[in-house]
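Compute the structure for the input listed below.
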Amino acid sequence: MHLEFSTDNYLMLLNEMNSDDSQKFKFDTRGLEWEKYTENYFLGIKKFLLKEDMSKINNYRANYLRLKFIRNIVRTIVYLGMVALFFSRFPALSTSIKTVLKLGFSRLNKIILLKFYFSRIN
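As a prediction, the model looks like this:
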C-alpha cells in the first residue's frame, strides 16, 4: 500500500494569507517545535485518554534517560569491539592506518605551527 500526501493546498493557503490572518490563525507550522509538540501530545494522551497517573512521570523520564545511557554504552562497546576485531584480522591495514594517522598529525602540527608563526608576524 502506497500513500501519498500533498501539501499544495496548505502552501497555497499559507501564501494567500495576509499578516492579520497569519497573526489570528497561527497556520504556519514552520516555527513549531516538533519535539516539544510531540512530548505534550503524548503526555496529553496518557493523562486525558488513558487516565494514567502523572505523578510518576519524573520516574519514567529518569528511567528512560538511564536506559538511553546504557544503550549508548553498549553501542560504543560493540563498535569498539568490531574495530578491534577488524584490525586483528587485518594487521597490515592496521599498520598502514597508523602510518597515515602519524603522517597526518605531523603535517597538522606543521600547519598549526606555520599559522601561529605567521599570525605573530602580522
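
where's R71, which helix or strand?
Per DSSP states H and E, R71 falls inside helix 57-89.

Would you mind identifying the next helix or strand past that helix?
Assigned by DSSP H and E, the successor of helix 57-89 is helix 91-121.

packing partners for that following helix?
helix 57-89 (3 or more CB pairs under 8 Å, 6 or more residues apart in numbering; DSSP states H and E). (Glycine included, C-beta is placed from N, CA and C.)

Does anything pack onto the helix it packs on? Which helices or strands?
Against helix 57-89 (3+ CB pairs under 8 Å, 6+ apart) you get helix 91-121.

what about whatever helix or strand L13 lives in, average pLDDT?
Using DSSP H and E, the element containing L13 is helix 8-16. If you average the pLDDT over helix 8-16, you get 88.

Please export the C-alpha coordinates of it as CSV.
C-alpha atoms of helix 8-16 as CSV (Å, rounded to 0.1, in the frame of the first residue of the first chain):
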residue,chain,number,x,y,z
ASP,A,8,-0.2,22.1,-2.3
ASN,A,9,-3.4,23.4,-0.8
TYR,A,10,-1.6,24.1,2.5
LEU,A,11,1.1,26.1,0.8
MET,A,12,-1.4,28.0,-1.4
LEU,A,13,-3.4,29.0,1.6
LEU,A,14,-0.3,30.0,3.5
ASN,A,15,0.8,32.2,0.6
GLU,A,16,-2.6,33.9,0.3
